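>>> Here is a sequence together with a model predicted from it:
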Amino acid sequence: MNLVINWNSPVPQPECGYEINYRRNYDPAYTSVNTSGATSGNTVSEVIKFPACYEGYIQSDCCSENLSEQVGFGYNAYSTFTLSIIASPNGYYQATITSTVTNPYPTLIKGTFDATTSGGTGTIFQLIYPANVLNNTQTFGSFTPGSYTVSNLNVNFNEANFDQGGQLQQFDSVFTPPYTKLYWVNNTSGATWNGSPIELPSFILRAFNVTAVDTGGSPLQGNLLISWISGSLYHNAVSPYDRVTFKVYDPDLTLMGTTTVFPLSNGLQNTVIALTKSTSTIGPGTQFKMTTEWGNAVISSTKLFNLPAF
């Protein structure tokens, strides 16, 4: 797998070429590449570990260690899985899931299908595709053995089953770098992004830092550090897509904290959401809600999450 980086040359050309730095999502160090080129549309192709989300930046090298400002770039990793379900003559359903890459987290898959004998009935299923496999066959359900057939299979939900709970990934030095988001191969929208940072496979809850406690030492306030990789500007960041507001709610839906970012560049993005206790305990055992909104207050995404351990 290659990471291909393209850029347009500035005017005038940098005398000593360009310096490029890239890494997998929150790997501890960047890989540096020094190159030269004097035409628009310069290209560098680097062999990388896949699957993974990548980010980095490029600078013009004007010699004598004189570098330009950083221009960021990013890539969010997606890959497909296939699913087939048959009605076994032994009286149970058999599901086979196959993917082209492995994932460090299990994937929760939900959907529906029709099981037909003399008539038709809609059946809801929920499966767990295990971590670190390329193929898995499992059985579920039961029925009176007979001439059943399965049709109209549909997957309407698939999401990583993160070890720490919730729908948002917490930083893990082992699992974070190789994570990619799987999606059903028959989903025509595929890896289409709706513009919300919390929908990206690169989104991470990096840490929670307590800033105030009560007399018993329980947290009253703290800063939630989050990050993601931007690979493109959604709708070219034209209003109302020129800003994203993050909001965090207590389980009783009381607003605990909010912050607004202006997505004007690509590459690694970081921000902090200051949280203040409402009614529930601030801790890893409480499940909170995070939403993202556009500049016109339209909600683009909603996720449940648990705070990182602190």
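Good, I have the coordinates.
>>> Going by C-alpha atoms from here, please, whenever you check contacts or count neighbours.
Will do.
>>> Where do the domain boundaries of this protein fall?
The chain is divided into the following domains under automatic domain parsing: 2-75, 78-165+179-184, 197-306.
>>> Let's have those in CSV, adding mean neighbour count and distance to Gly190.
Formatted as CSV, the domains of the chain follow (neighbours: other C-alpha atoms under 10 Å; distance: least, C-alpha to C-alpha, whole Å):
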stretch, mean neighbour count, distance to Gly190
domain 2-75, 16, 16
domain 78-165+179-184, 17, 6
domain 197-306, 18, 13
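>>> Compare those domains and give me the one nearest Ala191.
Smallest distance to Ala191 across the domains of the chain (C-alpha to C-alpha): 6.4 Å, for domain 78-165+179-184.
>>> Just checking the distance from the closest one to the centre of its chain.
When distances are taken as C-alpha atoms, centre = their mean, to the nearest Å, domain 78-165+179-184 is centred 22 Å away from the chain's centroid.
>>> Show the end-to-end separation of it, please.
Domain 78-165+179-184 has an end-to-end distance of 11 Å (C-alpha to C-alpha, to the nearest Å).
>>> Quick one: low-confidence residue ranges for the protein.
Residues of the chain meeting the criterion pLDDT under 70: 37-41, 117-122.
>>> nearest to Phe171, of the domains of the chain?
Closest to Phe171 of these is domain 197-306 (C-alpha to C-alpha; 5.1 Å).
>>> Let's check: the centremost residue of this structure is which one?
Pro201 (1.5 Å; C-alpha atoms, centre = their mean).
>>> check contacts around it.
53, 76-78, 179-181 (C-alpha atoms under 8 Å, 6 or more residues apart in numbering).
>>> got it, and Ser265?
When contacts are counted by C-alpha under 8 Å, 6+ apart, Ser265 touches 71-72, 230, 233.
>>> could I get the domains of the chain as TSV with distance to Ala191?
Converted to TSV, these look like this (distance: least, C-alpha to C-alpha, whole Å):
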stretch	distance to Ala191
domain 2-75	12
domain 78-165+179-184	6
domain 197-306	10
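>>> Any figure for the gap between the residue lying closest to Tyr92 once chain neighbours are set aside and Asn154?
Distances taken as C-alpha to C-alpha, 6 or more residues apart in numbering place Ser142 nearest to Tyr92, at 4.4 Å, with adjacent residues excluded. Distance from Ser142 to Asn154, counting by C-alpha to C-alpha: 20 Å.
>>> what does Thr80 give?
Using C-alpha to C-alpha, Thr80 is found at 15 Å from Asn154.
>>> among the contacts of Pro201, which are in strands?
Counting by DSSP state E, the part of the contacts of Pro201 found in strands is 78, 181.
>>> Now do the contacts for the closest residue to Phe140 other than its chain neighbours.
Spatial nearest neighbour of Phe140, excluding adjacent residues (C-alpha to C-alpha, 6+ apart): Tyr93 at 5.4 Å. Counting by C-alpha under 8 Å, 6+ apart, Tyr93 makes contact with 85-87, 139-142.
>>> What residues does Leu233 make contact with?
By C-alpha under 8 Å, 6+ apart, the neighbours of Leu233 are 263-266.
>>> on that earlier part again, out of the contacts of Pro201, flag the one nearest to Asn66.
Using C-alpha to C-alpha, Cys53 is the member of the contacts of Pro201 that sits closest to Asn66, with 29.4 Å.
>>> wait, isn't that closest one in contact with Ala77?
Yes: assessed by C-alpha atoms under 8 Å, Cys53 is found in contact with Ala77 at 5.0 Å.
>>> Tell me the span between the first and last residue of stretch 132-141.
Using C-alpha to C-alpha, the end-to-end distance of stretch 132-141 comes out at 25 Å.
>>> How about stretch 226-244?
Note: stretch 226-244 ends 13 Å apart using C-alpha to C-alpha.
>>> So what's the gap between it and the chain middle?
That offset, for stretch 226-244, works out to 15 Å (C-alpha atoms, centre = their mean).
>>> try stretch 303-310
Averaging C-alpha positions (C-alpha atoms, centre = their mean) puts stretch 303-310 15 Å from its chain's average.
>>> How far does it stretch from one end to the other?
Using C-alpha to C-alpha, one end of stretch 303-310 lies 21 Å from the other.
>>> from now on call the first residue 19
Sure, I'll start counting at 19 from here, so that last one is stretch 321-328.
>>> Would you mind listing the outside residues contacting that stretch?
The contact list for stretch 321-328 (C-alpha under 8 Å, 6+ apart) reads 182-186, 188, 216, 223-228, 301-309.
>>> Now Leu85: closest residue in space, sequence neighbours ignored.
Leu85's closest residue in space is Asp79 (C-alpha to C-alpha, 6+ apart), at 4.8 Å.
>>> Can you give the strand pairings for the helix or strand in which Gly90 is found, parallel or anti for each?
Under the criterion of DSSP states H and E, Gly90 resides in strand 89-93. Strand 89-93 has the following strand partners under DSSP bridges: strand 72-78 (antiparallel).
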